[in-house]
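**Q** structure of the sequence below:
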Amino acid sequence: MSSFSPMPDQAPSRNVLGQPLEPCGYDPLTGFFRDGCCNTSPQDLGVHTVCAVVTEEFLTASARLGNDLSTPMPQYGFAGLKPGDRWCICAARWYQVQQAGAACPIVLEATHEATLEVVPFEVLLQYAVIPKTLH
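**A** Got it, this is the predicted structure:
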């Protein structure tokens, strides 16, 4: 699957490393556009650009801070996340949980460069993991 390009004359999306954006995950199918990538656009008000590998600690802290990602919401086609799932998280929400001391690992290669407008690169680097096969 190729990187998302919102307009035919625009370059493919880039990650926080300045390279073409890699997919984040297909099971569950993630991304604002549900294309498996953490692409964004002006319509993505939440800036769903951080490719996170969620942990139980992250999910619990996120829910405590008002962003429940574990509870299924079938009306939105959302089955709920479980530890180990890769998901495009809102940059500000991931950063909020990180500041609360419960950040989860992230995949830099699949984290959109727009994240850098919200989260410092040095912070992202501390939580980087080597990508594993997509599921």
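**Q** all contacts plus neighbour counts: C-alpha atoms, from now on.
**A** Fine.
**Q** mind listing the helices for this protein?
**A** Taking DSSP state H as the test, the helices found in the chain are 56-64, 91-99, 121-126.
**Q** okay if I get those as JSON lines plus mean pLDDT and mean neighbour count?
**A** Formatted as JSON lines, these follow (pLDDT from 0 to 100; neighbours: other CA atoms under 10 Å):
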{"stretch": "helix 56-64", "mean pLDDT": "98", "mean neighbour count": "17"}
{"stretch": "helix 91-99", "mean pLDDT": "98", "mean neighbour count": "19"}
{"stretch": "helix 121-126", "mean pLDDT": "97", "mean neighbour count": "14"}
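**Q** redo the ones you listed as CSV? Include distance to residue 25.
**A** Output for the helices of the chain, formatted as CSV (distance: least, CA to CA, whole Å):
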stretch, distance to residue 25
helix 56-64, 17
helix 91-99, 17
helix 121-126, 19
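**Q** among these, which is nearest residue 37?
**A** With CA to CA as the measure, helix 91-99 is the member of the helices of the chain nearest residue 37 (14.1 Å).
**Q** now do the strands in the chain.
**A** Using DSSP state E, the strands of the chain run over 48-53, 86-90.
**Q** isn't residue 128 right up against residue 103?
**A** No - using CA atoms under 8 Å as the test, residue 128 is too far from residue 103 to be in contact (10.9 Å).
**Q** more neighbours: which of the two?
**A** Under the criterion of other CA atoms under 10 Å, the comparison of residue 128 against residue 103 puts residue 103 first, with 24 against 17.
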